[in-house]
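Q: mind looking at a prediction? Sequence and model below.
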Amino acid sequence: MKPLTFWNKLGYGAGAFTENNVQNAVNMMLPLIMFNYMGVSPILLGYAFAIARLWDTVTDPLMGYLSDRTRSRFGRRKPYILIGAVLSAFSFWLIWMFPEGKSEMWYFWYLTATCLLYYTSTTLFCVPYISMGYELSSDYNERTRLMSYRSLFVNCGAFILPWMYWFTERSWFDNPLQGMRYLSVISGATFILFALGPLLLTPNDPGRREETPCAGTGEEQKSKVGIVDIFTAFKVKPFLILVIVLGLSVFGLFLVMSFGLNLLIYYGCGGDKEFASQLSGIGGLISAGSCIAAIPLVNFVANKIGKSRALMAFLLLGALGNLSILVLITPEMPYLSIIQPIFGAVGISAMWILISAMVSDSCDYDELYNHLRREGIFGAIISWTCKLGYVLCSICSGYFLVWSGFELDLGGGQLPGTFLNMRLMMSCIPAAGLILAAGMLFFYPLSRERMARIKNELEKRKTEMQKNEAV
């Protein structure tokens, strides 16, 4: 495959701004608007998310299978990326257009219906976009560099997300719901704008590998990929390990985003939403900036000791960051809360960069041993795993609020022990998830040396196939 240009990598990375925001904006804002303003039970909100994610178990794999088999003048992925970005923008706006004054169950069913539409739309974008990244390069180190561009734009999106809550609380609006409706229009426009990067600046169909045809790729191989290959993907050991690691990592790194703002509002800031929204925004800027600053460090360490060992180390650092919540979110010094995201930032950068690059390696392993190229199916499973992790964060945060004894009407004057329960749940449980994820990497089999052998074997297969065709 031809080496990627700067513009190829920049264009692909830009799509991650849309990917990150469509995955996280609803998860973060829906509980804040529906629970804090509309008074809807966080458990009901969790169930609405869960239903949408169950639907993803069907749509994500089918989208991966469909994009693997699609043929068009623009390639396999790009038509879906365009349609998905537009539909995601529309359905994100639709979620917030409910009338006020309805019952909790009415809101539950409305949100369930609109979230089903929204997450189907995000599947159309995210699965082909993620799959595209796995096939853009065949070089072990270039894959890491490509995913660094993706991580850069993920964290550019992360600059904005923490300020969404602040924006909805402005005095310009009659209430937070009105602010969210304006924000949904702005957000939808950015979804489409950044989706233009992978549409306009990347090769149309790199997965066909027309420059170096080989067994298991191209038109001949794509005709062999069937529905059953969605399920057999879980038999690919390196990929299965990465799916488990990703699920645990998302839970460990993003539970804080779903649960932490309530702790900051009512414990760290004594119920002062204005002050909490400012601290949340500042903390988000520091977190995103730290993630971007960590990108060269992640690349350096991965090049020195290998991807799996580097990821293991950074996930353990993220676990330490979660445990720091016990001392850094405190009403005595609320500004300390802006320091805590720094610890998790390296873990987040490593997760986005290294897991994605390692999935690309798993695609080569799959080709060598199973004679299949199924980036779309792998991308679908990775996308669904991320979504499952996000929804588990949303569901768990709702239950944690209830189990901790939190009462919304009490504001910052909660009963004794409530805030301690919240702090323990928020710090120790996600830290345990990250430690388990790091432990799973002991079983990951694809080292740099192993990948070099796999690449040599694939090259030998190509050469033999070319000789046979010449004869």
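A: Right, received. Where do you want to start? Residues are numbered from 1 along each chain as shown.

Q: count the residues that sit near the closest residue to Phe108 other than its chain neighbours.
A: Closest residue to Phe108 apart from its sequence neighbours, by CB to CB, 6 or more residues apart in numbering: Leu44 at 4.9 Å. C-betas here are computed from N, CA, C, even on glycine. Using other CB atoms under 10 Å, Leu44 is surrounded by 18 other residues.

Q: likewise for Trp352?
A: Around Trp352 there are 26 residues (other CB under 10 Å).

Q: please tell me the pLDDT value assigned to the closest residue to it other than its chain neighbours.
A: Using CB to CB, 6+ apart and skipping the chain neighbours, the partner closest in space to Trp352 is Ser151 (4.3 Å). pLDDT for Ser151: 86.

Q: can you name the element that comes right after the helix or strand Ser151 falls within?
A: In this structure, Ser151 sits in helix 140-168 according to DSSP states H and E. Per DSSP H and E, the first helix or strand lying C-terminal to helix 140-168 is helix 176-201.

Q: what is the mean pLDDT for that next one?
A: Per-residue scores along helix 176-201 average to 94.

Q: show me what it is packed against.
A: Here helix 176-201 touches helix 6-31, helix 78-95, helix 104-135, helix 140-168, going by 3 or more CB pairs under 8 Å, 6 or more residues apart in numbering; DSSP states H and E.

Q: for Gly64, which of these is the nearest?
A: Gly64 lies closest to helix 104-135 among the helices and strands packed on helix 176-201, at 5.3 Å (CB to CB).

Q: in TSV: the helices and strands packed on helix 176-201, plus distance to Gly247.
A: TSV is the format used below for these (distance: least, CB to CB, whole Å):
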stretch	distance to Gly247
helix 6-31	14
helix 78-95	23
helix 104-135	15
helix 140-168	18
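
Q: let's have those helices in CSV, adding mean neighbour count and distance to Ala276.
A: Shown next, in CSV, are the helices and strands packed on helix 176-201 (neighbours: other CB atoms under 10 Å; distance: least, CB to CB, whole Å):
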stretch, mean neighbour count, distance to Ala276
helix 6-31, 23, 14
helix 78-95, 21, 24
helix 104-135, 23, 24
helix 140-168, 22, 9
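
Q: Gly376 is nearest to which of these?
A: Among those, helix 104-135 comes nearest to Gly376, with 4.5 Å by CB to CB.

Q: what packs against that closest one?
A: Helix 104-135 packs on helix 6-31, helix 42-69, helix 78-95, helix 140-168, helix 176-201, helix 356-370, helix 375-403, going by 3+ CB pairs under 8 Å, 6+ apart.

Q: any idea how far the residue nearest to Phe108 is from Leu326?
A: To Leu326, Leu44 is 30 Å away according to CB to CB, to the nearest Å.

Q: what's the answer for Leu87, then?
A: For Leu87 relative to Leu326 (CB to CB), the value is 42 Å.

Q: any low-confidence regions in the protein?
A: Low-confidence segments of the chain, defined by pLDDT under 70: 1, 205-226, 256-260, 394, 470-471.

Q: centroid-nearest residue for it?
A: Residue closest to the mean C-alpha point of the chain, counted by CA atoms, centre = their mean, is Cys386 at 5.0 Å.

Q: wait, what's in contact with it?
A: Contact partners of Cys386, counting by CB atoms under 8 Å, 6 or more residues apart in numbering, are 23, 246, 250.

Q: now Leu336
A: Contacts of Leu336 by CB under 8 Å, 6+ apart are 327-330.

Q: quick revisit: close enough to count as contact, the residue nearest to Trp352 and Pro296?
A: No - using CB atoms under 8 Å, Ser151 makes no contact with Pro296, being 10.9 Å away.

Q: take stretch 248-266, keep the C-alpha atoms, and write them as PDB.
A: Provided in PDB are the C-alpha atoms of stretch 248-266 (Å, rounded to 0.1, in the frame of the first residue of the first chain):
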ATOM      1  CA  LEU A 248     -13.400  -2.100  30.400                       C
ATOM      2  CA  SER A 249     -11.400   1.000  29.400                       C
ATOM      3  CA  VAL A 250     -14.400   3.000  28.200                       C
ATOM      4  CA  PHE A 251     -16.200   2.100  31.400                       C
ATOM      5  CA  GLY A 252     -13.200   3.000  33.500                       C
ATOM      6  CA  LEU A 253     -12.400   6.300  31.800                       C
ATOM      7  CA  PHE A 254     -15.800   7.700  31.000                       C
ATOM      8  CA  LEU A 255     -17.900   6.700  34.100                       C
ATOM      9  CA  VAL A 256     -16.400   9.800  35.600                       C
ATOM     10  CA  MET A 257     -17.900  11.900  32.800                       C
ATOM     11  CA  SER A 258     -21.400  10.500  33.400                       C
ATOM     12  CA  PHE A 259     -21.300  10.500  37.200                       C
ATOM     13  CA  GLY A 260     -18.700  13.100  38.100                       C
ATOM     14  CA  LEU A 261     -20.600  16.300  37.300                       C
ATOM     15  CA  ASN A 262     -23.300  15.600  39.900                       C
ATOM     16  CA  LEU A 263     -20.600  15.000  42.500                       C
ATOM     17  CA  LEU A 264     -18.900  18.200  41.500                       C
ATOM     18  CA  ILE A 265     -22.100  20.200  41.500                       C
ATOM     19  CA  TYR A 266     -23.600  19.100  44.800                       C
END
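
Q: quick one: that stretch to chain centroid distance?
A: Put simply, stretch 248-266 sits 15 Å off its chain's centre (CA atoms, centre = their mean, to the nearest Å).

Q: just stretch 148-155 next, same as before
A: 11 Å.

Q: for the host helix or strand of Arg450, name the packing helices and strands.
A: Element membership for Arg450 (DSSP H and E) is helix 448-470. Here helix 448-470 touches helix 140-168, helix 356-370, going by 3+ CB pairs under 8 Å, 6+ apart.

Q: could you list the residues in contact with the last one?
A: When you say that, I think you mean helix 356-370. 130, 133-135, 137-138, 140, 143-144, 146-147, 150, 216-217, 232-233, 236, 238-239, 242, 302, 307-308, 311, 372-375, 378-379, 382, 444, 446, 451, 454-455, 457-458, 461.
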